[in-house]
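A.B. asks: below: sequence and its predicted model.
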Amino acid sequence: MPKRDGTSRQTTISAQPRIHQHAREIQAYGTVSHALPLELEEDVRLEMTEQLNLLLADTMTLRDLYKKSHWQVAGPTFYQLHLLYDKHYEEQAEIVDIIAERVQLLGGISLAMAADIAETTRIERPPRGREEVPVQISRLLDAHQIIIGHCRTLAKRASTVGDDGTNDMILSDVLRPNELQVWFISEHLVDMPLVHAVDSEIQKAS
């Protein structure tokens, strides 16, 4: 590479890894890139990325709540809930990636670290210890309710401001899977006898 005086300058190549590097951020959190030709105004993308990060924080919390429940579930329904919780965990992990990538696509910066998620989420923090199955499921349903409510509000807002991509993503990839998971786990809270039908006992009594 030529220097100002016309002489050449050699670049030293080394196999030694350059570790412990530090530099300024290349984009600050809460901003959006101006270079993406998305046909969406900056203020729309700022609003959408802010709301999507809130949804992302709640979804990451729900994801981890499913893993906690998977590890700590106990009782006669252990096997089926152990498997179901882990299935829902994997599905929520996919949703997390979809939301985070949408934030980045809009030119924003997605939340990622546990401390930032804990500061942002609206889902109540569970205790470290083990809880009964009905309490586990109730916590999960409460978390789903927060996310589903936000999905409905945000989808309508995205449609209003012309962000059809975010609207479609929320409805197809976030809202519908959460609704399905609510159905699967809420059925476990129905108080039904396991070995005899209620009607047969009523008939005997009459």
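C.D. replies: The structure has been received and is ready for your questions. Numbers count the residues shown, from 1 in each chain.
A.B. asks: helices of this protein, residue ranges please.
C.D. replies: 42-72, 78-105, 114-120, 133-160, 164-169, 176-186, 198-205 (DSSP state H).
A.B. asks: number of nearby residues for Thr12?
C.D. replies: Neighbourhood size, Thr12 [other CB atoms under 10 Å]: 4. Using the backbone N, CA and C atoms, a C-beta is placed for each residue, glycine as well.
A.B. asks: what does the pLDDT read for it?
C.D. replies: Per-residue confidence (pLDDT) for Thr12: 82.
A.B. asks: and among the helices of the chain, the most buried is which?
C.D. replies: helix 42-72 (a mean of 20; mean count of other CB atoms under 10 Å).
A.B. asks: so which residue is dead centre in the protein?
C.D. replies: Centroid-nearest residue in the chain, with CA atoms, centre = their mean: Thr59, separated by 2.5 Å.
A.B. asks: dump the residue contacts of that one.
C.D. replies: 92, 95-96, 99, 147, 174 (CB atoms under 8 Å, 6 or more residues apart in numbering).
A.B. asks: look up how far Met113 lies from it.
C.D. replies: 15 Å (CB to CB, to the nearest Å).
A.B. asks: need the max-distance pair from the contacts of Thr59.
C.D. replies: Distances among those were taken as CB to CB; the most separated pair is Val96 and Ile147, at 11.5 Å.
A.B. asks: can you tell me the closest non-neighbouring residue to Pro177?
C.D. replies: Glu91 (5.8 Å; CB to CB, 6 or more residues apart in numbering).
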